[in-house]
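In: With the input below, show me the fold.
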Amino acid sequence: MLPQLPSVFANSMLLGWICLSFIATPAIALGQTATTALSIQQTPLMQPEVQGSLRTFCRLGSALWKDQELKAGLVAISQAHDMPIWLDRRVDSSQLVSVNASEPRLDLLLNKIAEATGTQVGFIESVPYLGPKDEVALMEMAYWRTWYNYRKQLSGQNKATSATVAPPIKSQDLTWEQASTPTEVLHEIERQWHIEVLGVDQIPHDLWGAATYKALSLPAQLSLVLGSFGLAAEPIEATNQWKIAPLRSAKTATLAYPASQWKVDKLQQWLGEAKAEINSAGKEIYVKATVHDHYAIALGKFADSLPKPKSRFENLRFSFEVANTPAPDVLEGIATQLKLKVEWKIPRDTLKQKRISLKVSEASVGQLMAELAKQSGVTLNIENESQLNITP
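Out: The predicted structure follows:
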């Protein structure tokens, strides 16, 4: 597992009202049609931790990796953005990865890394999760189902709770020491939350590195620990007990977005190339998609509401490391990430013998250009945000 730093949570924003139903999941008491109306406050998307993570995911992201170990690269991103990342135990953390990408959002950068490693990005509450392609959508749905059933159980304990307002769902840190087993982690969850998880002994033996994940709900903690074993947790009604069960086959959820606040063209834009079913019916727009794709919609709406920077480079930050690399390769690589045309005012070969060794974290474009100019012995100037001029 990856060692983590605390997440940074920003002010939450209201995204509107959403209706929610799960496809082919009769055990979740939401009804069998998309007409069972729930407010977005009754979904994990309105958890304060999730709302805070939207701003983090909307940061500009870039990575310049050349044969970088996956785990080391993810740790660097996690530390640079103060954001926890969960790497599935079934993914080879030592595999070497090469990534040269600059994306308008951090979650899109994680998608690029997933493509390079044959994995899939998912979201468990505020935590991005990299795991096997065939499993992540199931794990996300299992988390949403668990969260809903847990919320329903809390609502039953508080009869005064409004039908359209979710009761407060407590969050706690999840921490374990080096060489802990998942069984020990589950026992710690039991102790902290005063619950009993039936079937803990069926979890295979494994050893995990030390980690800390900040402010996660009980459903999120259980989903993260059990998911990479192909398992989920379900609360037993009217008790403090939870049972472990295999992941179900459902991969999609249908949300009904009020047409007064959401437009079909915007939904399609935010979904990108995702294969989702979108149908309008009266005052609602029904979207059948994976949890990941519904997060994409939430992220798209959040990003569109943020103030636009005066310069496309204003909020761009770089975190990467290069060692003893020819200067022309580094300069052209950075230009590619910034979508700049390179104009060599000197012969390119004159820099062939210059080598650049650089490690930066959250460096601005100006800081980066100054250091690259110093090490390569040239003057670097960005013209009209479209061209990098390299002069003596």
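In: Tell me where the model's unsure across the stretch 201-350 of the chain.
Out: Within the stretch 201-350 of the chain, no range satisfies pLDDT under 70.
In: which residue ranges form the helices in it?
Out: 218-227, 264-271, 291-305, 327-337 (DSSP state H, counting those that start in this stretch).
In: most packed of those?
Out: Mean neighbour count (mean count of other CB atoms under 10 Å) peaks for helix 218-227 among the helices of the stretch 201-350 of the chain, with a mean of 26. All C-beta spots, glycine's among them, are computed from the backbone N, C-alpha and C.
In: ok, R105 - contacts?
Out: Each residue near R105 by CB atoms under 8 Å, 6 or more residues apart in numbering is listed here: 57-61, 299, 303.
In: Out of the helices of the stretch 201-350 of the chain, flag the one nearest N100.
Out: Nearest of these to N100, taken as CB to CB: helix 327-337 at 5.8 Å.
In: tell me what that closest one is packed against?
Out: Identification of packing neighbours for helix 327-337 by 3 or more CB pairs under 8 Å, 6 or more residues apart in numbering; DSSP states H and E yields strand 61-69, strand 96-103, strand 341-344, strand 355-363, helix 365-376, strand 387-391.
In: Now these in a markdown table, please, with extra columns for distance to T146.
Out: As requested, the helices and strands packed on helix 327-337 are exported to a markdown table (distance: least, CB to CB, whole Å):
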| stretch | distance to T146 |
| --- | --- |
| strand 61-69 | 29 |
| strand 96-103 | 31 |
| strand 341-344 | 50 |
| strand 355-363 | 35 |
| helix 365-376 | 43 |
| strand 387-391 | 49 |
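In: most tightly surrounded among the ones you listed?
Out: Comparing the helices and strands packed on helix 327-337 by mean count of other CB under 10 Å gives strand 61-69 as most buried, with a mean of 19.
In: what does the average pLDDT come to for it?
Out: Taken as a whole, strand 61-69 has a mean pLDDT of 87.
In: before we move on, back to that, would you convert the helices of the stretch 201-350 of the chain into JSON lines that also reports distance to E314?
Out: Putting those into JSON lines (distance: least, CB to CB, whole Å) gives the following:
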{"stretch": "helix 218-227", "distance to E314": "33"}
{"stretch": "helix 264-271", "distance to E314": "23"}
{"stretch": "helix 291-305", "distance to E314": "15"}
{"stretch": "helix 327-337", "distance to E314": "16"}
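In: For K374, which of those is the nearest?
Out: That would be helix 327-337 among the helices of the stretch 201-350 of the chain, by CB to CB, at 11.1 Å.
In: And the helices in the stretch 1-150 of the chain?
Out: So, for the stretch 1-150 of the chain - with DSSP H, counting those that start in this stretch - the helices run 48-57, 70-81, 106-117, 133-157.
In: Let's have those in a markdown table, adding distance to L380.
Out: As requested, the helices of the stretch 1-150 of the chain are exported to a markdown table (distance: least, CB to CB, whole Å):
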| stretch | distance to L380 |
| --- | --- |
| helix 48-57 | 30 |
| helix 70-81 | 23 |
| helix 106-117 | 24 |
| helix 133-157 | 40 |
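In: E284 is nearest to which of the ones you listed?
Out: Closest among the helices of the stretch 1-150 of the chain, using CB to CB: helix 133-157, at 19.5 Å.
In: quick one: the closest one to helix 106-117, angle?
Out: Angle between the axes of helix 133-157 and helix 106-117 is 140 degrees (criterion: axes from the mean of the first three to the mean of the last three CA atoms, to 10 degrees).
In: list the buried ones in helix 133-157?
Out: Within helix 133-157, the residues scored as buried using 16 or more other CB atoms under 10 Å are 135-155.
In: coming back round to it: of all the helices of the stretch 1-150 of the chain, which one comes closest to S171?
Out: Per CB to CB, nearest to S171 of the helices of the stretch 1-150 of the chain: helix 48-57, 6.1 Å.
In: What average pLDDT does that closest one get?
Out: So the average pLDDT for helix 48-57 ends up being 89.
In: next one: stretch 181-191
Out: 96.
In: List the buried residues for that stretch?
Out: 182-183, 185-186, 188-189.
In: next one: stretch 246-261
Out: 247-248, 250-257.
In: Let me have these in TSV, extended by distance to P104.
Out: TSV is the format used below for these (distance: CB to CB, whole Å):
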residue	distance to P104
L247	33
R248	34
A250	31
K251	27
T252	26
A253	26
T254	28
L255	24
A256	28
Y257	23
